[in-house]
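Colleague: I need the structure of the sequence given here:
(one chain, ligands or ions: 7)
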Amino acid sequence: MKVSVMACEKRPYLGLLIAITCYTIGGILEQINVGVMAAPCYPALFVFGDSLSDTGNGNLTGNVFFTRTSQRPYGETVPGYPFARFSDGLLLVDFLATRIGLPFSKPYLNASADFRTGVNYAVSGATAQNASYLHSKLITPLTEISLDVQINWHLTLKSMTQDPNMPSNSSYKTGLYVVEIGGNDYISALTSFLYTPSYVTTNFIPLVIAKIKNATEVLYANGARNFLYIGVTPLGCSSSLLATFLLGPKDSNGCLSDINTLSYNHALSLSRLVNQLRLHYTDAKFTFLDYYAAYKKVIGNSSKYGFSNTLETCCGAGPAFPYRYNQALFCSTLSSTLLSTLCPNPNAFVNWDGLHFTHKFNSVIFNLTINGGSYLNPPKAFSTCMPSM
Ligand SMILES: *[C@@H]1O[C@H](CO)[C@@H](O)[C@H](O)[C@H]1NC(C)=O
Ligand SMILES: *[C@@H]1O[C@H](CO)[C@@H](O)[C@H](O)[C@H]1NC(C)=O
Ligand SMILES: *[C@@H]1O[C@H](CO)[C@@H](O)[C@H](O)[C@H]1NC(C)=O
Ligand SMILES: *[C@@H]1O[C@H](CO)[C@@H](O)[C@H](O)[C@H]1NC(C)=O
Ligand SMILES: *[C@@H]1O[C@H](CO)[C@@H](O)[C@H](O)[C@H]1NC(C)=O
Ligand SMILES: *[C@@H]1O[C@H](CO)[C@@H](O)[C@H](O)[C@H]1NC(C)=O
Ligand SMILES: *[C@@H]1O[C@H](CO)[C@@H](O)[C@H](O)[C@H]1NC(C)=O
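Modeller: Residues are numbered from 1 along each chain as shown. Ligands and ions are numbered 1, 2, ... in the order given. A predicted model of the protein is given here:
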């Protein structure tokens, strides 16, 4: 396991521009320059979602599937940085926080955290649909903390106005609200073996989108005016689903085509929702990040982005298993996963543990979308945004 040490520096130059540059010992891991013109940005970041955005709630629930994130090899590509994240380093929302000049968002379940610059409500395993509905469909979510529950957490927190560690009244209005959810609704339905991808497409996508819409309406009614929606990844490219449906038909990238069609349709429905919301709430700003398309772009040209392996798991069961993945040998510190089965260089892998991505992949997606404006609608959503601290 090659451990690279990364340090980031943020420096103003010409008085108007900010550069964030991250280096590793022995070479530049990434040099993400975000030189931008000065303009007001967001004083707070509120994040709703699942393990792709969870900065510590899953670990704090005590669920043994999630507490593994507070142990190596999780977080080990960027020592010294906070972990309790499903990655070897930082998440897309961490790069976003840095880009808009805020500290990483603190997990809601840490009651003593400083929430003045926002809150992270995302919980690993979270679904958009509520647990009672999923149970009625004989699906067992990994957590009951669905999107509605996260929204209700926000309303509870917002009512605690007197606490000095809480966001200010104006931050609730001018903060950025990120919603990244839906992947677990589809994964849990597919891995129940009760529903086909086409059934899930027809029957679940509208329910997931309705929950995202309802969440938006509740947040809007509570003052929120700036929204960023992050779609689901091409789930047919995840090592865990590839290893589960070994014989499924593949697309040109080697991903499961019917599951990718499902993910594509989620992106389409979510982008339509965003268009509807724009027409309805004309005093609010809605941004859509097409994670599906950005991901396909990167794996379709992986070597250009520095990846030599797009489908296998870095931290998993090792090369003896298809896609280096086995559910019983899921990446963890337990003796069931020998550290010798780790891939030699996580920076060359897209997939970290079968379901989640490497720090490097997250940084590439960030740079392409939020920083670069590709697969982002509107493309310049963050281009004039100056760090507020
Ligand atoms: C970030 O994107 C720019 C183009 O927008 C590219 O030139 C640069 O190499 C990218 N950096 C990383 C670390 O991917
Ligand atoms: C993970 O949660 C435990 C409590 O269950 C806490 O003591 C620990 O600090 C957390 N780890 C991280 C990295 O946040
Ligand atoms: C909770 O927040 C406090 C105050 O910032 C911090 O010292 C502590 O490490 C945090 N704990 C976890 C588990 O994140
Ligand atoms: C679950 O969501 C459905 C809508 O999908 C709603 O009708 C129902 O009241 C919700 N149940 C709970 C317990 O929140
Ligand atoms: C809308 O969201 C609120 C707040 O989370 C929740 O209580 C309510 O059940 C949701 N309604 C539907 C129909 O999903
Ligand atoms: C914040 O808003 C609440 C109610 O919405 C109000 O009671 C409180 O006085 C406000 N605080 C400040 C500092 O304006
Ligand atoms: C891959 O990158 C090369 C070099 O930049 C470019 O010419 C080509 O069009 C790209 N292919 C795709 C599928 O993006």
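Colleague: these two touch, right, residue 208 and residue 266?
Modeller: Yes - if you go by Cβ atoms under 8 Å, residue 208 and residue 266 touch, sitting 7.0 Å apart. C-beta here means a position set from N, CA and C on the backbone, and glycine is covered the same way.
Colleague: Show me the common contact partners of those two, please.
Modeller: Residues touching both residue 208 and residue 266 (Cβ atoms under 8 Å, 6 or more residues apart in numbering) are 182, 186.
Colleague: what's the spacing between whichever residue of the stretch 1-150 of the chain sits closest to ligand 4 and ligand 2?
Modeller: When Cβ to the nearest ligand atom is the measure, the stretch 1-150 of the chain has its nearest residue to ligand 4 at residue 130, with 3.7 Å between them. Relative to ligand 2, residue 130 is positioned 25 Å away (Cβ to the nearest ligand atom, to the nearest Å).
Colleague: Nearest to ligand 7: which residue in this structure?
Modeller: residue 301 (3.5 Å).
Colleague: burial count for that residue?
Modeller: 10 (other Cβ atoms under 10 Å).
Colleague: tally of neighbours for residue 159?
Modeller: By other Cβ under 10 Å, neighbour count at residue 159 equals 9.
Colleague: do the same with residue 138
Modeller: 10.
Colleague: same deal with residue 247?
Modeller: Residue 247: 6 neighbours (other Cβ under 10 Å).
Colleague: Against residue 204, how distant is it?
Modeller: 23 Å (Cβ to Cβ, to the nearest Å).
Colleague: Residue of the stretch 201-350 of the chain nearest ligand 5, please.
Modeller: Counting by Cβ to the nearest ligand atom, the stretch 201-350 of the chain gets nearest ligand 5 through residue 214, at 3.8 Å.
Colleague: pLDDT value on that residue, please?
Modeller: For residue 214, the pLDDT comes out at 98.
Colleague: does the residue nearest to it when sequence neighbours are not counted sit in a helix or strand, and which one?
Modeller: Distances taken as Cβ to Cβ, 6 or more residues apart in numbering place residue 148 nearest to residue 214, at 7.7 Å, with adjacent residues excluded. For residue 148, the host element (DSSP states H and E) is helix 147-158.
Colleague: next helix or strand past the host helix or strand of the residue of the stretch 201-350 of the chain closest to ligand 5?
Modeller: Per DSSP H and E: residue 214 is located in helix 205-221. Scanning forward in sequence from helix 205-221 by DSSP H and E, the next helix or strand is strand 226-230.
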